[in-house]
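J.: predicted model and sequence follow; I will ask about them next.
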Amino acid sequence: MRPLSNFAARDVETLLHPTTNLLAHRSLGPLVVERAEGVYVYDTAGKRYIEGLAGLWCTGLGYGNQELVETAREQMSRLSFTHLFGGRSHEPAIALAEKIKAMAPAPTSKVFFTNSGSEANDTQIKIAWYFNNARGQPKRKKIISRHRAYHGTTIATASLSGLAVFHADFDLPMARVLHTDCPHHWRSAEPGESEEDYASRLARNLEELIEREGPETIAAFIAEPVMGAGGVIMPPKTYFEEIQAVLSRHGIALIADEVICGFARTGNWWGSQTYGIRPDTVTMAKAITSAYVPLGGLTISEDVYQALLEESGKHGVFAHGFTYSGHPLACAVALKTIEIYERINIVAHVRRVAPIFALRLNALADHPLVGDARSVGLLGALELVKNKRSKENFDPKLGVGGRVARFAEEEGLICRAVGGDNIGLCPPLIIDGAEINAMFDMMGRALDKAEAWLRSEGQFGA
């Protein structure tokens, strides 16, 4: 436990933190970050940390990129704000929409901007409902998500999220949201069941759910290419191929939530490309601006756009949007971010260093606490277990994942426990081989500390 500094004490007295154990926070206090550069952040005492989760899966270009800083300064000086309501526009929004339209992995006629992934996924639901009303299929309103998915924290998107903690005491999930299997082969496959057979079983389960509910009532299926906050879970072989076949048979749209995977995280521009997903629409946020400014968005296909056209004519307006949709500052920074990604060939860089990342991550699979080590590109996780053979979990009350993250912080690495006792790792895309090695050296020491703590508490080993 760190003694509460002046900053920490002020924090505890004034701030309500998102996704935080508020009771524990009163005694543990915050890690107060003062500055950052490259892949490193520094606290108020001057201690340096490798930011092993890219902030919240988002700082693709790391910290202190002066091109982005200068772009923001120039845009703020030239046009600090205008909106997109009522047909108003500005060049950064137009240029960014053109860029996204050209590079998106889904058929795209128009692009709609939001301020976050949550808002973008919330908009996906509203547009799905609006579209089905417009085309004379008003019963098609249900959205299928997956257990352990994460799609945001608004009322609608927290409902889509398949994590119980986002539902408890919020009276969620709301109606019209369904959940199907989490595709975690290592955890959920039957003994001897191949990835392909497991994928087929999950596809059958999805089809049974659709037929039970009535295909005519299902509007869309939403999925992250890699499940992030649910534990960094990669789909098994043939999974999306099988799922898409089911959706196609029943005329159900596929929404790819690319908020984490988009912009090179998995070694392609989009996670959809990595896993052979052919989405009808895509949600994006986070790395689109390297998190320097909040921005999210989604793609709109031509058939959906035509329906929006007709309905807006009927009602007088397409009555959806946010004050800061397509904020000129955010759009300008996003354009520059993508320009830098392209100039430095970030996809090629990720592909070069991903084998180092995978090698060091997989080496930790031999640690007594690690049941599974998994990664794609620069996105990975260590799943912690009490018993490797049986895959028995630790008692959730122990908070083993959170304790490992705190030990890692002591060592100079910021990471995060996600989806239970899974340690998520997602460094800035610009990380180099030496920094990856340093990161995993720290992770190994943190695991050793956690093992010693568990043994001292009689919670591990003989």
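T.: That came in fine, so what should we check first? Residues are numbered from 1 along each chain as shown.

J.: what are the boundaries of the strands in the stretch 301-450 of the chain?
T.: Listed in chain order, the strands of the stretch 301-450 of the chain (DSSP state E, counting those that start in this stretch) span 370-376, 379-384, 413-414, 416-418, 422-425.

J.: strand partners of the last one, parallel vs antiparallel please.
T.: With DSSP bridges as the test, strand 422-425 is paired with strand 379-384 (antiparallel), strand 416-418 (antiparallel).

J.: return the most buried member of those strands.
T.: strand 379-384 (a mean of 26; mean count of other C-beta atoms under 10 Å). Yep, even glycine has a C-beta here, placed from its N, CA and C like the rest.

J.: just the angle between it and strand 370-376, please?
T.: 170 degrees (axes from the mean of the first three to the mean of the last three C-alpha atoms, to 10 degrees).

J.: which of the strands paired with strand 422-425 sits closest to Gln459?
T.: strand 379-384 (11.9 Å; C-beta to C-beta).

J.: nearest to Ser390, of the strands paired with strand 422-425?
T.: strand 379-384 (13.5 Å).

J.: please save the CA atoms from the closest one in CSV.
T.: Extracted C-alpha coordinates of strand 379-384, given in CSV (Å, rounded to 0.1, in the frame of the first residue of the first chain):
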residue,chain,number,x,y,z
LEU,A,379,-2.2,-7.8,-27.9
GLY,A,380,-1.9,-10.6,-25.3
ALA,A,381,-2.9,-12.0,-22.0
LEU,A,382,-1.8,-14.4,-19.2
GLU,A,383,-4.6,-16.4,-17.7
LEU,A,384,-3.8,-17.1,-14.0
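
J.: what's it in contact with?
T.: 57, 186-187, 226, 228, 231-233, 260-261, 265-266, 357-358, 361, 364-365, 369-375, 394, 400-401, 404, 418, 421-426, 443, 447, 450 (C-beta atoms under 8 Å, 6 or more residues apart in numbering).

J.: filter those residues to the buried ones?
T.: 57, 187, 226, 228, 231-233, 260-261, 265-266, 357-358, 361, 364, 369-375, 394, 400-401, 404, 418, 421-426, 443, 447, 450 (16 or more other C-beta atoms under 10 Å).

J.: where does this structure dip in pLDDT?
T.: Within the chain, the stretches with pLDDT under 70 are 1-3, 462.

J.: per-domain residue ranges of it.
T.: If you go by automatic domain parsing, the domain ranges for the chain are 31-64+345-456, 67-343.

J.: how about the ones you listed in JSON lines, adding distance to Asn6?
T.: Listed next are the domains of the chain as JSON lines, based on distance: least, C-beta to C-beta, whole Å:
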{"stretch": "domain 31-64+345-456", "distance to Asn6": "9"}
{"stretch": "domain 67-343", "distance to Asn6": "27"}
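
J.: with respect to Pro18, which of the ones you listed lies nearest?
T.: Using C-beta to C-beta, the nearest of these to Pro18 is domain 67-343, at 7.6 Å.

J.: Lys397: neighbour count?
T.: 6 (other C-beta atoms under 10 Å).

J.: same thing with Gly251?
T.: Using other C-beta under 10 Å: Gly251 sits among 12 other residues.

J.: and the gap between the residue most central in space within the chain and Ser248?
T.: Nearest to the mean C-alpha position of the chain, by C-alpha atoms, centre = their mean, lies Ile260 at 3.5 Å. Remark: distance between Ile260 and Ser248 (C-beta to C-beta, to the nearest Å) = 25 Å.

J.: and what of Gln273?
T.: From Gln273 to Ser248 the distance is 19 Å (C-beta to C-beta).

J.: excluding its backbone neighbours, what's nearest Ala245?
T.: Nearest residue to Ala245, sequence neighbours excluded (C-beta to C-beta, 6 or more residues apart in numbering): Ala203, at 7.1 Å.

J.: I'd say the one you found and Ile243 touch.
T.: Yes - applying C-beta atoms under 8 Å, one finds Ala203 in contact with Ile243, separated by 5.6 Å.

J.: relative to Ala285, how far out is the nearest residue to Pro173 once chain neighbours are set aside?
T.: Closest residue to Pro173 apart from its sequence neighbours, by C-beta to C-beta, 6+ apart: Ser159 at 3.6 Å. Distance of Ser159 to Ala285, given as C-beta to C-beta: 19 Å.

J.: now swap in Met443 and tell me
T.: 27 Å.

J.: same thing with Asn422?
T.: The separation that Asn422 has from Ala285, given C-beta to C-beta, amounts to 22 Å.

J.: could you point out the longest helix in the protein?
T.: Criterion DSSP state H: the longest helix present in the chain is helix 433-456.

J.: so where do the helices sit in the stretch 151-300 of the chain?
T.: 155-160, 185-188, 195-213, 239-249, 271-274 (DSSP state H, counting those that start in this stretch).

J.: wait, which of the domains of the chain is closest to Ser5?
T.: Going by C-beta to C-beta, the one of the domains of the chain nearest Ser5 is domain 31-64+345-456, 6.5 Å.

J.: kindly check the end-to-end length of the closest one for me.
T.: One end of domain 31-64+345-456 to the other measures 26 Å (C-alpha to C-alpha, to the nearest Å).

J.: now do stretch 313-327
T.: Per C-alpha to C-alpha, the first residue of stretch 313-327 is 26 Å away from its last.

J.: one more: stretch 270-288?
T.: Using C-alpha to C-alpha, the two ends of stretch 270-288 sit 11 Å apart.

J.: so which bits of it are buried?
T.: 270-275, 277, 279-288.

J.: those residues in strands, which ones?
T.: Using DSSP state E, the subset of the buried residues of stretch 270-288 located in strands is 281-284.

J.: would you list these in a markdown table and tack on distance to Pro138?
T.: What follows is those, written out as a markdown table (distance: C-beta to C-beta, whole Å):
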| residue | distance to Pro138 |
| --- | --- |
| Thr281 | 20 |
| Val282 | 25 |
| Thr283 | 24 |
| Met284 | 29 |
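
J.: check the burial of Glu190 by counting its neighbours.
T.: Other residues close to Glu190 by other C-beta under 10 Å number 9.
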